[in-house]
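> Dropping the sequence and predicted coords here.
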Protein chains: 2
Amino acid sequence: MAQTLPLNQDITLSVIKTACSGCNLRELCLPYGLSLEELERLDDLVSTRRRLKRGDHLYRAGEPFDAIYAIRSGFFKTDVLLEDGRDQVTGFQMAGELLGLDGISSEHHTCNAIALEDSEICSIPFDRLESLSREIHALQNHFHKVMSREIVRDHGVMMLLGTMRAEERLAAFLLNLSQRFTARGFSHAEFNLRMTREEIGSYLGLKLETVSRAFSRFQEEGYVAVQQKHIRILDVGGLRALMNHRA
Amino acid sequence: MAQTLPLNQDITLSVIKTACSGCNLRELCLPYGLSLEELERLDDLVSTRRRLKRGDHLYRAGEPFDAIYAIRSGFFKTDVLLEDGRDQVTGFQMAGELLGLDGISSEHHTCNAIALEDSEICSIPFDRLESLSREIHALQNHFHKVMSREIVRDHGVMMLLGTMRAEERLAAFLLNLSQRFTARGFSHAEFNLRMTREEIGSYLGLKLETVSRAFSRFQEEGYVAVQQKHIRILDVGGLRALMNHRA
DNA sequence: TTCCATGGTTGACTTGGATCAATCCAACGT
DNA sequence: ACGTTGGATTGATCCAAGTCAACCATGGAA
């Protein structure tokens, strides 16, 4: 009898054996810089993979934290919710990036992580990551660098939100996406957005109409070709200039 | 002959013996949760203290990173500078808080840290912190929590910049300061701002005039008494309501 | 094939905060 | 005591982005 198809969310969160040592993302992800032998020790730790369908929550704000997650494939957003109902997207994450670092401080997740397309993630139990990184210096240092990089990234977003005007923000956003796709071997010039205009707006501190208008403007100016979620960057220099335009 | 007064910045960065085990900030700072014996091992590591005068840079963006810093007394700001000349204050730090975590990722500082009043800091060589935290589990875990807390804090600022209006931002800012002063045993209701309106504005993504107007408005409404840099909070609830006012 | 539902675009109008500019105030050095 | 200087306040005006609203496009479901 053939394997039955998953019928609901719980079942689709299936668990598969995985191995960092064979993962093509190892140069982007946690294993960066480890020796073969160290890599094998990491394999023991990162033992489970989980599939999520578009729209599934990987975790929710308030849930107890006990693992961080590496994105094996797919695309995520994280968002925070204020008591008064306001919310904001705090980031978009793609393959090779880590999710859940914010949960370490209070041992509870402080944001929601939601798959924007069908995705696969590796769970890394945090206590075991800590023990292993007490033994493997390179792992420890790399993990610290990953956390620190997250802080630097957030400072960049604060900068964007605090000092840039709408079109500058969107230009910065597109260039950032392009750069991250490039690092993963995809085209730097052509890609599909996984998020809606509203989600982009939330991340950039803008309303969806403003995002839409900025896209139209970019198209008029010949910087990009936009067709719904499909983006083709025609003039990187133009976008870059626009981004740095202010005194 | 009496000791001569320091004549310039280099000399004022004097070096003194220090000890975490005797520091009254140890419950707020890095030593949190360590046993006495562990504390003594940390003392060896955090061996130098440095005095800075108001306006001195603790470090500058671009400089090589090799230590993080704990504020022993005083008040700092950090700011980032964009290529095009724009800059933004990314945070204000007070006693017991750590500076320099952003430098770990690239092994270079990515922002400037500037004393807003005469201050004293403890240097913690980062490679030695890593070795010690490979041996002391509690130190390792606490350090991870501190980094994670920084990420959570940044998300809060992103939220503020992305979704709040001017008066809400300033209310959030005042409540945050008040809460941090309280945690250090100072009055929650009365304190002196160490930064200018312009610096507050930069941090909050507002112009200094807007900050000034918001202060005046708060005063009219009876939420606070403002006299230049001296702030007295009269109605915490009012501020809190104002902050959460939006749908 | 048609009908929804969701997401995207565009237009008209409003508004919060920026900008420009004139004082005001307090601290400090002489 | 006086003038200087950096910071703060306040007013008048302007504009970028928000709001409200109509309409279009796409992709499923029936």
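Perfect, thanks for sending it. Residues are numbered from 1 along each chain as shown, chains lettered A, B, ... in the order given.
> surely residue A:86 meets residue B:163?
Yes - Residue A:86 is within contact range of residue B:163, at 4.8 Å (criterion: C-beta atoms under 8 Å). Where C-beta positions appear, they are placed from N, C-alpha and C, glycine not excepted.
> Run through the residues that contact the residue nearest the centre of chain A.
The centroid of chain A falls nearest to residue A:93 when counting by C-alpha atoms, centre = their mean (0.7 Å). Contacts for residue A:93 (C-beta atoms under 8 Å, 6 or more residues apart in numbering or on different chains) come out as A:71, A:75-78, A:99, A:113.
> Make a markdown table out of the residues you listed and add secondary structure, distance to DNA strand C and pLDDT.
Output for the contacts of residue A:93, formatted as a markdown table (DSSP: H, G, I helix; E, B strand; the rest coil; distance: C-beta to the nearest atom of the strand, whole Å; pLDDT from 0 to 100):
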| residue | secondary structure | distance to DNA strand C | pLDDT |
| --- | --- | --- | --- |
| A:71 | strand | 21 | 96 |
| A:75 | strand | 14 | 97 |
| A:76 | strand | 16 | 98 |
| A:77 | strand | 12 | 98 |
| A:78 | strand | 17 | 98 |
| A:99 | strand | 22 | 98 |
| A:113 | strand | 18 | 97 |
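> any idea which element residue A:88 lies in?
Residue A:88 belongs to strand A:87-94 when assigned by DSSP states H and E.
> Residues of chain A that sit close to DNA strand C?
Residues of chain A lying near DNA strand C by C-beta under 7 Å from any atom of the strand: A:193, A:196-198, A:208-209, A:211-213, A:215-216, A:226, A:228-229.
> out of those, who has the most neighbours?
Using other C-beta atoms under 10 Å in any protein chain shown as the neighbour criterion, residue A:211 leads those with 23 neighbours.
> Now do the contacts for that one.
A:166, A:170, A:197-198, A:200-201, A:204.
> Likewise for residue A:141?
Contacts of residue A:141 were listed using C-beta under 8 Å, 6+ apart, and they are residue B:130.
> Run the chain-centre distance for the lengthiest helix in chain A.
When chain A is parsed with DSSP state H, its longest helix is helix A:137-163. Here helix A:137-163 is found 13 Å from its chain centre; the criterion is C-alpha atoms, centre = their mean, to the nearest Å.
> Can you name the element that comes right after that helix?
Using DSSP H and E, the helix or strand that follows helix A:137-163 towards the C-terminus is helix A:166-183.
> Which SSE is immediately downstream of that following helix?
Next helix or strand after helix A:166-183 toward the C-terminus (DSSP H and E): strand A:190-192.
> Direction included, what does that next one pair up with?
In the sheet, strand A:190-192 lines up against strand A:230-233 (antiparallel) (DSSP bridges).
> secondary structure element for residue A:217?
According to DSSP H and E, residue A:217 maps onto helix A:208-221.
> now that helix against helix A:166-183, angle please.
Going by axes from the mean of the first three to the mean of the last three C-alpha atoms, to 10 degrees, helix A:208-221 is angled at 80 degrees with respect to helix A:166-183.
> Give me the contact list for the helix or strand following helix A:208-221.
Counting by DSSP H and E, the element after helix A:208-221 in chain order, helix or strand, is strand A:224-227. Identification of contacts with strand A:224-227 by C-beta under 8 Å, 6+ apart yields A:174, A:215-216, A:218-219, A:231-235, A:239.
> And those, which is closest to residue B:23?
Residue B:23 lies nearest to residue A:174 out of the contacts of strand A:224-227, by C-beta to C-beta, at 47.6 Å.
> Hmm, residue A:239 and the closest one touching each other?
Yes - the pair residue A:174 and residue A:239 passes the contact test of C-beta under 8 Å, sitting 6.2 Å apart.
> Sketch out the low-pLDDT regions of chain A for me.
A:1-18, A:246-247 (pLDDT under 70).
> what does it have sitting close to DNA strand D?
Looking at DNA strand D, the residues of chain A close enough under C-beta under 7 Å from any atom of the strand are A:165-167, A:205-207, A:209-210, A:227-228.
> Show me which of the residues you listed are buried.
Using 16 or more other C-beta atoms under 10 Å in any protein chain shown as the burial test, these include A:166-167, A:205-206, A:210 as buried.
> List the contacts of stretch A:160-177.
Residues from elsewhere that reach stretch A:160-177, judged by C-beta under 8 Å, 6+ apart: A:92, A:191, A:193, A:200, A:203-206, A:210-211, A:214-215, A:217-218, A:223-224, A:231, A:233, A:236, A:239-240, A:242-243, A:245-246, B:82, B:86-88, B:158, B:161-162, B:202-205.
> And the residues you listed, which of them are buried?
Buried residues within the contacts of stretch A:160-177, counting neighbours by 16+ other C-beta under 10 Å: A:92, A:191, A:193, A:200, A:203-206, A:210-211, A:214-215, A:218, A:223-224, A:231, A:233, A:236, A:239, A:242-243, B:82, B:86-88, B:158, B:161-162, B:202-205.
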